[in-house]
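Visitor: What shape does this take:
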Amino acid sequence: MIIKYFVYKNMPAIVRSEFSLALNQVCSERGVSIEVVLETIKSAVLAAYRKDYSKEEEVEGYEVEINSDSGEAKIYKDGKDVTPAGFGRIAAQTAKQVILQKIREAEKDAILTDYASRVGTLVSGMVIRFDRRDVVVDIGKAEGLMPFIEQIPGERYRINQRLTFYISGIKETMRGSQVIVSRSDKRLVESLFKREVPELQSGAVEIKKIAREAGSRTKVAVASTQPGVDPVGSCVGQKGVRVQSVINELGGMEKIDVINYEEDEARFIVAALAPADDIDVEIDEKEMIAVARAPEDQLSLAIGKEGQNVRLAAKLTGWKIDIKGKEGELEKEDEGGKDADKEVGEENKEKEKNDKVKKGKKVKKMKEKVEKKKVLDGEKIEGKKEEVKKVKKKKDKKKRD
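Guide: Numbers count the residues shown, from 1 in each chain. Okay, the predicted model is just below:
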């Protein structure tokens with residue numbers, strides 16, 4: 001305690017003026033340096049001086065000195081002190097406007113410089129408004145613009161919706177420099193995987209190539225830099241937890257295929273055509289064309305819906321890929337089909353014969369039944385006729401009697 005008291009007692013007291021405190025506060029709040037603010041104040045003092053005392057003269061030959069502690073300003077022209085006693089109300093208002101404008105510009109430049117260093121990273125943002133087909137996003141200190149081309153097709157956005165974006169760059173627009181964010185960039189998928197997979201962060205696993213059709217499907221080729229590390233399993237995670245987290249960040253509708261990267265071009269093309277199996281590939285290195293032959297039952301998987309699977313495989317590998325059926329298997333299938341047709345034809349003939357015999361027997365039985373019925377019906381009719389005759393005879397006798 002004695003040592004602390006001795007130190008505090010013998011330390012010189014640092015008294016800061018109101019100007020110094022205000023200067024430091026502005027710099028900390030706006031994120032600009034003290035030198036920038038002082039240069040802004042100098043420009044404002046010159047603007048005020050020109051407004052009141054030098055309306056027709058240029059201020060290029062004037063110099064302003066400001067004491068950063070007290071805030072005292074002096075104006076010199078050719079080494080001579082021409083500082084006025086004060087400024088009028090209009091000049092002071094002009095100085096205020098200059099200071100505010102310059103500080104805003106300096107603040108915006110500082111923010112853009114900060115985000116320029118963050119290009120290629122992820123940022124969490126909230127949708128705040130729509131500018132025609134573009135979306136304006138609050139990304140913290142600045143507003144990001146997501147053009148229509150950078151949006152995921154079919155994804156709907158709403159006000160106050162929080163999403164993860166990829167900072168793709170700084171673009172000069174009619175309104176000045178603008179931070180451009182994206183949801184359709186393939187690097188968004190890569191950054192999301194790096195966030196979810198520790199092996200990618202440590203460098204044990206690398207993402208070699210990515211091909212993406214935003215909102216529909218993505219193919220990711222990964223490779224391991226350390227022996228014993230499964231690159232696909234690391235990215236997929238236990239029960240698909242890691243890849244599912246990435247899918248959820250992309251809206252939940254996009255499919256992601258994670259495949260092994262192969263140095264051999266033919267094997268890499270086979271892997272890129274997954275989920276199709278049993279594919280043979282022939283490559284032409286000069287023309288950069290690959291012919292992939294798939295079984296008939298795998299052709300639809302290899303091509304994909306509207307050719308999407310083979311299109312993404314071509315983007316991923318950089319080769320032009322033609323999908324064809326395996327001719328040998330098709331011929332064998334045709335021969336087998338002919339033999340099978342013969343066997344089926346013989347079986348059908350035998351069945352037809354048996355059916356005819358059975359039908360003939362049934363017809364005979366039916367005829368016999370019909371004939372029996374006819375006989376019985378005839379006997380019944382004759383019996384009734386006799387009864388009718390007997391009744392008539394009885395009636396006739398009664399009449400006679």
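Visitor: Can you name every helix or strand that the one helix or strand Val136 maps to contacts?
Guide: Following DSSP states H and E, one finds Val136 within strand 134-138. For strand 134-138, the packing partners by 3 or more C-beta pairs under 8 Å, 6 or more residues apart in numbering; DSSP states H and E come out as strand 122-131, strand 143-146. (C-beta placed from N, C-alpha, C; glycine too.)
Visitor: Report the contact partners of Asp185.
Guide: 150, 166, 168 (C-beta atoms under 8 Å, 6 or more residues apart in numbering).
Visitor: Wait, the first one touches Leu188, no?
Guide: Spelled out, it's Glu150. No - in this structure, Glu150 is not within contact of Leu188 by C-beta atoms under 8 Å, at 9.8 Å.
Visitor: that older thread, can you say which of the helices and strands packed on strand 134-138 is packed in most?
Guide: Each of the helices and strands packed on strand 134-138 was scored by mean neighbour count; the highest is strand 143-146, a mean of 20, by mean count of other C-beta atoms under 10 Å.
Visitor: how many degrees apart are the next helix or strand after that strand and strand 134-138 in direction?
Guide: On the C-terminal side of strand 143-146, the closest following helix or strand by DSSP H and E is strand 162-173. Between the axes of strand 162-173 and strand 134-138, defined by axes from the mean of the first three to the mean of the last three C-alpha atoms, to 10 degrees, the angle is 110 degrees.
Visitor: list the buried ones in stretch 286-303?
Guide: Buried residues in stretch 286-303, defined by neighbour count with 16 or more other C-beta atoms under 10 Å: 290, 292-295, 298-299, 301-303.
Visitor: Which one of the helices and strands packed on strand 134-138 lies nearest to Lys208?
Guide: Lys208 lies closest, by C-beta to C-beta, to one member of these: strand 122-131, at 20.5 Å.
Visitor: Does anything pack onto that closest one? Which helices or strands?
Guide: strand 134-138, strand 143-146, strand 162-173, helix 186-196.
Visitor: before we move on, the earlier item: what residues are shared contacts of Glu150 and Leu188?
Guide: In contact with both Glu150 and Leu188: Ser182, using C-beta under 8 Å, 6+ apart.
Visitor: out of these two, which sits in the more crowded spot?
Guide: A count of neighbours by other C-beta atoms under 10 Å puts Leu188 above the other of Glu150 and Leu188, at 27 against 20.
Visitor: And for that one, nearest residue in space, chain neighbours not counted?
Guide: Closest residue to Leu188 apart from its sequence neighbours, by C-beta to C-beta, 6 or more residues apart in numbering: Tyr166 at 4.0 Å.
Visitor: which residues does that neighbour bridge with?
Guide: Leu122, Ser182 (DSSP bridges).
Visitor: Check whether it really touches Lys186, as I assumed.
Guide: No - using C-beta under 8 Å, Tyr166 is not in contact with Lys186; the gap is 9.3 Å.
Visitor: all helices of the chain, in order?
Guide: With DSSP state H as the criterion, the chain has helices at 2-10, 18-30, 34-52, 89-116, 186-196, 198-202, 231-236, 241-249, 265-272, 299-303, 308-317, 327-400.
Visitor: What is the nearest of the buried residues of stretch 286-303 to Val270?
Guide: Among the buried residues of stretch 286-303, and counting by C-beta to C-beta, the member closest to Val270 is Ala292, at 7.5 Å.
Visitor: Show the contacting residues for the closest one.
Guide: 269-270, 273, 279-281, 302, 310, 321-324.
Visitor: can I get the contacts of Asp185 in a markdown table with distance to Glu262?
Guide: Shown next, in a markdown table, are the contacts of Asp185 (distance: C-beta to C-beta, whole Å):
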| residue | distance to Glu262 |
| --- | --- |
| Glu150 | 32 |
| Tyr166 | 28 |
| Ser168 | 30 |
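Visitor: Turn the helices and strands packed on strand 122-131 into a markdown table, columns for distance to Lys77 and mean pLDDT.
Guide: Shown next, in a markdown table, are those (distance: least, C-beta to C-beta, whole Å; pLDDT from 0 to 100):
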| stretch | distance to Lys77 | mean pLDDT |
| --- | --- | --- |
| strand 134-138 | 47 | 94 |
| strand 143-146 | 43 | 92 |
| strand 162-173 | 38 | 90 |
| helix 186-196 | 56 | 93 |
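Visitor: Nice, that's everything, thank you.
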